[in-house]
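> Using only what follows, build the 3D model:
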Amino acid sequence: MNTTLPMLHDFSDRFSPIVVKELRQGLRTRFFTSSLILFHTIIILLLVTVTFDAPVEMVNGIFWGVAGFMLLVVMPLRGFSALHTEATDGTLDMLTLTSIASFRILYGKWVALYSQALLVAGSILPYMVARYFFGGVEILREIVALVMLALGSGVITAALLAFSSQAPVLLRIFLALCVGAGAVPLGFFTAFLVSASQADSLVREFFALDHWEQFSIVGGILALVVYVVYYFLALGASRIAPPSENHSTLKRLIALAVHGALMVTGLLLCFLNSQPEVAMWAYIPLMVLTLIVCMDVLTEEMPRYSTALEVLARHGRFGRLAGRLLYPGWASGVVFSAVLCVMALSIMAGITWRSSSWDWDDGPSLYMVCMFLAVFVPVIVRLNRTNTFVNWWVVQLCSVILGIMMTMFCLSMNARDLGVLGMFTPITALFGLNCVNYSSRQDILHLSCIFSTMWLIAAMVRAATSFSTYTTLEHEALDQARQVTPRANDPA
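Just a heads-up that it's a prediction; the model follows:
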């Protein structure tokens, strides 16, 4: 009788080596095991309190508060310094020397971190069933809430992982706070689903829609989540990739496709619906995505090697012309960002055109113009000349601080007319408009849009002067292509 035990199987060879490496390290860390044990201990003690006649509403609120904190804060924070730690330890250089692409490195790390978050999310299901028997629980709404938290955890993890490529710890903390602020609406929506009685009517309205409308909403949300995760991973990959690689062209092509689809959806909702404000459901995600993409492409370093341009440079004049939009670097990023801003503003213009409650002179459209044109200010103002990514955020943060100080001064000194001084930059203009009297707000808003447009023109001029870098690298790429191509009369 053979009593030998079967061998324990390791991860399959079909898994990426980065995924296997990160999963082995992540599942063995004390942080993961300790947080998981502490999480389940709190949940078990919480459910025990129900047997002592604790209010079910209070238990449900605490349960989802702990679950949301675990999925949206604790688990994503494991990617806060993932790339920076790899860089300081020297292991990132070893990974880049292998045949593993930079995007695969980011993707493997994200899959490993997100798998652990999904493990936590899956472990919540038995407690949801147990609470169902205690009463006061709508299982369908809670499943939807859990799915939303799981999707949000994946997006936040990808964002923190991408921003972990930055060395300054204060910048990473600030970016983590920005990501956390963006996740606040998701937390409120989850709380609304699991606690508010109005959520039942929302669920009934959803199921009252036609099947194609239901599939469109669910498919659109999933597609946006997948795209946002991809873009953040591509953003991080472009920051750790060798300068000879081109991680920008494909990323921008996909962005054009997604933004174009959102623009078309928004315009259709605007002009084919009796209530044009419905188009805001397409405009809001497009606005957020536009700001993220503009921040990325406007902080890319200019290419230094012809290999980053050779794919488009070999397609003749059309390829070189398209390269002024798709080449890596902040210079082409100015043109690309302008195109994306026009896409987003077209929806707002359509809503303003059709809506009777909005007008051109003092409507949201002109405010949106100032907000979008603010992304071009760091192209001209250089407070940090060594890191364009840091410079972009420092300039924007300084603009916000100046706007807050100007608002406080105008209100404390009762000098509202001094708010006109903020019109020289887009962000300070948005603060200054809240200070001035309503009678003069229209004129100042128009002047603010004019000055904001001047920032865009100045960025375009500066970008045009840097296009010579692309021209030089294009000639080098074409020369190298001619040298590699064998002549017809050369011996075999």
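
> drop to CA atoms for contacts and neighbour counts, all remaining ones
Fine.

> Please give me every residue in contact with Leu383.
With contacts defined as C-alpha atoms under 8 Å, 6 or more residues apart in numbering, Leu383 is in contact with 391, 394-395.

> Spell out the secondary structure type for it.
coil (DSSP: H, G, I helix; E, B strand; the rest coil).

> What separation do you get for it and Val394?
In this view, Leu383 and Val394 are 7 Å apart by C-alpha to C-alpha, to the nearest Å.

> same thing with Leu433?
Taken as C-alpha to C-alpha, the span from Leu433 to Val394 is 23 Å.

> cool, Ala481 as well?
In terms of C-alpha to C-alpha, Ala481 sits 41 Å off from Val394.

> Those two: who's more crowded?
Taking other C-alpha atoms under 10 Å, Ala481 and Val394 do not tie; Val394 has more neighbours (17 against 13).

> could you point out the longest helix in the chain?
helix 441-484 (DSSP state H).

> Quick one: mean pLDDT for that one?
Helix 441-484 carries an average pLDDT of 87.

> before we move on, what about stretch 32-47?
86.

> for the helix or strand encompassing Val334, which positions count as buried?
Using DSSP states H and E, Val334 maps to helix 330-354. For helix 330-354, a neighbour-count test (16 or more other C-alpha atoms under 10 Å) marks 330-338, 340-352, 354 as buried.

> Stretch 245-261 now?
Those would be 245-249, 251-252, 255-256, 258-260, for stretch 245-261 by 16+ other C-alpha under 10 Å.

> Over to stretch 49-68?
Within stretch 49-68, judged by 16+ other C-alpha under 10 Å, the buried ones are 56, 59-60, 63-64, 67-68.

> what's next to stretch 293-309, contact-wise?
By C-alpha under 8 Å, 6+ apart, stretch 293-309 touches 235, 243-246, 255, 323, 327-331, 333-334, 336-337, 375-376, 379, 388-389, 392, 470, 473-474, 476-477.

> How much space separates Cys410 from Gln442?
19 Å.

> try Glu301
39 Å.

> Please apply the same query to Phe232.
Phe232 is 38 Å from Gln442, by C-alpha to C-alpha.

> ditto for Leu312
Distance of Leu312 to Gln442, computed by C-alpha to C-alpha: 46 Å.

> Pick out whichever of the two has more residues nearby.
Leu312 (20 against 17).

> Touching, that one and Pro328? I think so.
No: the pair Leu312 / Pro328 is not scored as a contact, 11.3 Å apart, by C-alpha atoms under 8 Å.

> how does this protein divide up, domain by domain?
Domain ranges of the chain: 15-229, 242-482, per automatic domain parsing.

> out of those, deepest packed?
domain 242-482 (a mean of 19; mean count of other C-alpha atoms under 10 Å).

> now the helices for the stretch 101-250 of the chain?
Here the stretch 101-250 of the chain has its helices, by DSSP state H, counting those that start in this stretch, at 102-134, 139-163, 169-195, 198-208, 211-240, 249-272.

> Distance to Thr91 for the ones you listed - can I get that in TSV?
Supplementary listing: the helices of the stretch 101-250 of the chain in TSV, determined by distance: least, C-alpha to C-alpha, whole Å:
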stretch	distance to Thr91
helix 102-134	12
helix 139-163	16
helix 169-195	19
helix 198-208	49
helix 211-240	12
helix 249-272	26
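
> Flag whichever of the ones you listed has the least confidence on average.
Across those, the lowest-scoring stretch is helix 198-208, with a mean of 79.

> ok now it, how far from the chain's centre?
Between the centre of helix 198-208 and the centre of its host chain there is 29 Å, according to C-alpha atoms, centre = their mean, to the nearest Å.

> The chain should start at 22 in everything you say after this.
Done: numbering now begins at 22, and the last item shifts to helix 219-229.

> Contacts for it next, please.
So helix 219-229 is in contact with 162, 213-214, 235, going by C-alpha under 8 Å, 6+ apart.

> Report the contact partners of Ala258.
Ala258 touches 123-124, 126-127, 183, 268, counting by C-alpha under 8 Å, 6+ apart.

> Helices of the stretch 322-471 of the chain, start to end?
Going by DSSP H, counting those that start in this stretch, the stretch 322-471 of the chain shows helices at 331-334, 337-347, 351-375, 385-394, 398-401, 409-433, 447-453, 462-505.

> The longest one vs helix 385-394, what angle?
Here helix 462-505 points in a direction 40 degrees away from that of helix 385-394 (axes from the mean of the first three to the mean of the last three C-alpha atoms, to 10 degrees).

> Run the angle between helix 462-505 and helix 337-347 for me.
130 degrees.
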